[in-house]
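Q: have a look at this prediction, sequence included:
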Amino acid sequence: MDQVFIKGLAVEAVIGVYDWERTILQPLVLDLEMGWDIRVAAAGDDLGATLDYAAVSQRVLDFVAASQFLLVEALAEHVAALIMHEFSVPWLRLRVTKPGAVSEASGGVGVLIERGVKPA
């Protein structure tokens with residue numbers, strides 16, 4: 001299966017369990033890999049036949065910016081479900097990084113989830 005990817009999608013959202021976290025916006029970075037057969041789009045050079053990463057990016061940005069989850073885990077599950085449902089993506093891998101959550105972790109902390117069935 002081919003993949004369409006979006007790497008380093010940056011957005012700010014209310015996220016966290018502590019009282020002070022509920023009053024500020026914090027940065028999040030999302031990396032997505034989405035299973036998609038690109039052959040039809042490539043053969044016809046047709047945007048309508050491929051997974052429009054600009055549309056996926058904007059939808060994810062809008063959703064995350066409007067969200068107020070306590071856990072990064074919950075955010076990841078909801079983003080994955082949204083992409084799979086609204087864009088008919090059969091498989092995805094999603095990394096959500098919360099930079100600065102642990103000051104000693106220079107690369108951030110977060111979760112990496114994989115959902116759906118990755119075709120061979």
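A: Received it, and whenever you're ready, just let me know what you need. Keep in mind that this is a model prediction, so the values were computed, not measured.
Q: check which residues of the top helix by length along the chain are buried.
A: Assignment by DSSP state H gives helix 72-87 as the longest helix of the chain. Residues 72, 75-77, 79-80, 82-84, 87 are the ones in helix 72-87 that count as buried (16 or more other C-beta atoms under 10 Å). In this view, the C-beta of every residue, glycine as well, is placed from N, C-alpha and C.
Q: reformat the residues you listed as a markdown table; add distance to residue 117 and pLDDT.
A: Shown next, in a markdown table, are those (distance: C-beta to C-beta, whole Å; pLDDT from 0 to 100):
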| residue | distance to residue 117 | pLDDT |
| --- | --- | --- |
| 72 | 24 | 97 |
| 75 | 23 | 98 |
| 76 | 18 | 98 |
| 77 | 17 | 98 |
| 79 | 18 | 98 |
| 80 | 13 | 98 |
| 82 | 18 | 98 |
| 83 | 15 | 98 |
| 84 | 11 | 98 |
| 87 | 16 | 97 |
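Q: quick one: low-confidence residue ranges for the chain.
A: Scanning the chain with the threshold set as pLDDT under 70 gives 120.
Q: how about the helices of it, start to end?
A: Under DSSP H, the chain gives helices at 39-44, 53-66, 72-87.
Q: can I get those in TSV with distance to residue 93?
A: As requested, those are exported to TSV (distance: least, C-beta to C-beta, whole Å):
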stretch	distance to residue 93
helix 39-44	21
helix 53-66	14
helix 72-87	9
